[in-house]
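Trainee: sequence first, predicted coordinates after that:
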Amino acid sequence: MRVDAHQHYWKIDRNDYGWITPGLPELYRDFMPADLEPYLVKHELDASILVQAAPTIEETRFLLSIADQTPSVAGVVGWLDLLDADHRQHYDQFRRSPKFKGFRIMIQDMPDASRILEPAFVKALRSYADEEVPVDLLLVSEQMAFVAELLREIPNLRGVIDHLAKPQIKQKTFEPWKSYMSEFAQHPGMYCKLSGLVTEGDHAAWSPDDFPPYIRTAIELFGPERVMFGSDWPVCLLAADYSEVVDLLKCSIPEEWGKPQIERLFGANAQEFYKL
């Protein structure tokens, strides 16, 4: 099965997407399954992982309702607040849906990323790690030190780094990003998504040559068994269309890769990680 491991759907009038404003005209409209299906067909993708885009319990319920009606949605990554005393109750409600496959921690939006190291947070996340629940980690490169410390506390986390932790591609910066990615990769339960990179370049003037160094670094560190293709559609539309994102990744794949490695990148790894 070929899988897009990272995409979103939303309805603007639900009013829980505070970051999507009229100032982002490419994104300020509804995006639903009928909008994505043509691209899945074009690129011979059988399914997708639908990822939360708002830090609300209500949005996760909304996404699960979409998944129930959409065969191409293989799994939903929802949202939990691990500092909320009711997080386990919410998790137990979500997992009643067979398409609920895990949750995402939006470190990127935390005013103080050190909160992920608070004892209550670590205790909660450790309990999910012990159950091998898939956890997406959304962070920017400036927050990598906190995640490195978190992984020292919970080395058995079944986690995936979204968007390669958003390296500073526009500035062509590699350190300390590369060193932290190397540390993350030492944990066998950690994967990374080759997604969300085009929006880290210059939206108006990116070059195809901007991205292969970062993609190949991640592939070298994590190996072909722990990397996944994700379109980050429709967020990618800020800088590129769906087909351009696919083409950029294909052009960055190591020349020595054969069919088995490509199949893992475009589906098998996502199937294993999310237990599809």
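Mentor: All right, it came through fine. Numbers count the residues shown, from 1 in each chain.

Trainee: which residue is the nearest non-sequential neighbour of residue 136?
Mentor: The shortest distance from residue 136 to any non-neighbouring residue, by CB to CB, 6 or more residues apart in numbering, is to residue 104 (3.8 Å). Backbone N, C-alpha and C define where each C-beta goes, glycine included.

Trainee: number of residues surrounding that neighbour?
Mentor: Counted with other CB atoms under 10 Å, residues neighbouring residue 104 total 22.

Trainee: can you check the one 4 residues further on too?
Mentor: Number of residues near residue 108 (other CB under 10 Å) recorded here: 16.

Trainee: find me the pLDDT at it, would you?
Mentor: If you check residue 108, the pLDDT there is 96.

Trainee: check residue 72 too.
Mentor: Residue 72 is assigned 98 on the pLDDT scale.

Trainee: same question for the one 5 residues further on.
Mentor: In this prediction, residue 77 carries a pLDDT score of 98.

Trainee: can you pull the phi/psi pair for it?
Mentor: Dihedral angles of residue 77 (phi, psi; degrees, to the nearest 10) stand at phi -100, psi 110.

Trainee: quickly note the distance from it to residue 212.
Mentor: Counting by CB to CB, to the nearest Å, the gap from residue 77 to residue 212 is 27 Å.

Trainee: circling back: check which helices and strands the host helix or strand of the residue nearest to residue 136 sits against.
Mentor: Per DSSP states H and E, residue 104 falls inside strand 100-106. Counting contacts by 3 or more CB pairs under 8 Å, 6 or more residues apart in numbering; DSSP states H and E, strand 100-106 is packed against strand 73-79, helix 87-94, strand 135-138.

Trainee: next helix or strand past that strand?
Mentor: helix 119-130.
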